[in-house]
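Q: sequence first, predicted coordinates after that:
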Amino acid sequence: MMYIFCSKALKTALNIKNQEFVKMPADAPIDLLYAWHGHIAKLDGKNTIILMNDQTMYSVIFRNKLPRSADKFSELIKEALLYTMEVGGFNRADIERYMSGIGDIIFAEKADRQMTGNLNRMFLDMEYTGHRWSDNESIQAEQAAFENKGIRKQGNTYVMPFEKMLDELV
């Protein structure tokens with residue numbers, strides 16, 4: 001099972017109703033490799049969605065022709081993960097192993113200020129590094145590959161999301 005913890009802005013953008021939105025207790029046992037935080041913000045005048053993995057900080061970026069429902073976004077997430085991981089340099093066996101563990105996608109609410117801060121920091125970084133946009137595509141795999149090979153602060157340490165995700169998959 002994959003959890004997408006949405007910001008209020010993303011919840012509104014995807015038209016997720018309160019009864020469809022799962023409230024997760026802070027101590028709920030979940031596999032962090034399949035837990036992602038998502039946020040939407042305007043970047044260069046266009047709505048941009050970032051999903052960031054809770055364990056590795058690996059990110060998937062969406063822009064242009066964004067879905068307006070959770071069901072369509074769920075389909076796009078699976079497609080985006082596959083495509084972004086291929087462009088990012090993962091081998092096929094690792095990608096298939098990760099994709100086989102996804103199952104259902106559940107949109108949930110979980111207050112994690114640290115992850116929200118990490119997402120906001122990434123949006124700020126992309127104001128300067130976001131020049132790899134593909135105008136015709138919703139899935140911004142090239143930009144995500146660039147961002148995932150950079151350094152991100154996770155707690156008190158610094159990580160490279162691509163390398164950390166690779167370590168988790170091997």
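A: Sure thing, it's come through. Everything quoted here is computed from the prediction, not taken from an experiment. Residues are numbered from 1 along each chain as shown.
Q: so which residue of the chain lies furthest out from the middle?
A: Gln19 (22.9 Å; C-alpha atoms, centre = their mean).
Q: tell me which residues in the longest helix along the chain are buried?
A: Longest helix of the chain, by residue count under DSSP state H: helix 70-88. By 16 or more other C-beta atoms under 10 Å, the buried positions in helix 70-88 come out as 70, 73-74, 76-77, 80-85, 87-88. Yep, even glycine has a C-beta here, placed from its N, CA and C like the rest.
Q: CSV for these, including pLDDT and distance to Met126?
A: Listed next are these as CSV, based on pLDDT from 0 to 100; distance: C-beta to C-beta, whole Å:
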residue, pLDDT, distance to Met126
Ala70, 91, 24
Phe73, 95, 20
Ser74, 94, 24
Leu76, 95, 19
Ile77, 96, 19
Ala80, 96, 16
Leu81, 96, 19
Leu82, 96, 22
Tyr83, 96, 19
Thr84, 96, 15
Met85, 96, 19
Val87, 95, 17
Gly88, 94, 16
